[in-house]
Each structure stands twice: as C-alpha cells, then as structure tokens.
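[1] Just a sequence and a predicted model for now, questions to come.
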Amino acid sequence: MSVIEAYDIKARKKVSMKNPQPYLMKNGSWALKGTSAETGINLFKIVGREKPTIGQSKYEAFKNLFTSRQCECEKMC
C-alpha cells in the first residue's frame, strides 16, 4: 500500500495520513479522510472524480479470511 500524504495545517507541512477512508462529496468528487500521523488532527485530500482504491483494512482482511473458506458440507459458510 502506498503512503498517502496530505497537508497538515497544525504541523505546516505534508505528513502521512493514517487510516484513509474514501468520501463522496456533494458535487460528485471523491476525497480521502484520515488522521495525521504527526499531530492526530483530521486530514482531507481531494482526489478527483474517480473513486480512490485503498488497500484492505485489518478488519476487512480478517473478515475475508473467515468468509471465503468452505466448510465440510462444501457450501460457503
């Protein structure tokens, strides 16, 4: 997963964004919302008209681990 950087107003420089989440704005553009790795404030970065793809979170990876397996009855459980 690539590191997403956004401008942190409190630190007055670009910092890496922790836990970025896609966000659809009212005008149809997409943005990323997350928290600053340095100061902990909320960051917001506009990315354009196409939905950004972000690597799986730990929760989604854990959820996919258990939902994608087959049980003894050969059904998806």
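    Nice, I can see it. Computed from a predicted model, the values in this text were never measured in an experiment.

[2] Just list whatever residues bridge to the closest residue to residue 25 other than its chain neighbours.
    Excluding the flanking residues, the one nearest residue 25 by C-beta to C-beta, 6 or more residues apart in numbering is residue 31, at 5.9 Å. Every C-beta, even on glycine, is put in place using the N, C-alpha and C of the backbone. Judged by DSSP bridges, the bridge partners of residue 31 are residue 23, residue 46.

[3] okay, the strand or helix carrying residue 17 in PDB with CA atoms only?
    Using DSSP states H and E, residue 17 falls within strand 13-24. Only the C-alpha atoms of strand 13-24 are listed here, as PDB (Å, rounded to 0.1, in the frame of the first residue of the first chain):
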ATOM      1  CA  LYS A  13       3.900  20.500   6.200                       C
ATOM      2  CA  LYS A  14       2.800  17.400   4.300                       C
ATOM      3  CA  VAL A  15       2.500  14.300   6.500                       C
ATOM      4  CA  SER A  16       1.400  10.800   6.000                       C
ATOM      5  CA  MET A  17      -2.300  10.000   6.500                       C
ATOM      6  CA  LYS A  18      -3.300   7.200   8.900                       C
ATOM      7  CA  ASN A  19      -6.500   5.200   8.200                       C
ATOM      8  CA  PRO A  20      -7.600   6.900   5.000                       C
ATOM      9  CA  GLN A  21     -11.200   6.400   4.000                       C
ATOM     10  CA  PRO A  22     -12.900   7.300   0.700                       C
ATOM     11  CA  TYR A  23     -15.500  10.100   1.000                       C
ATOM     12  CA  LEU A  24     -18.000  11.200  -1.700                       C
END
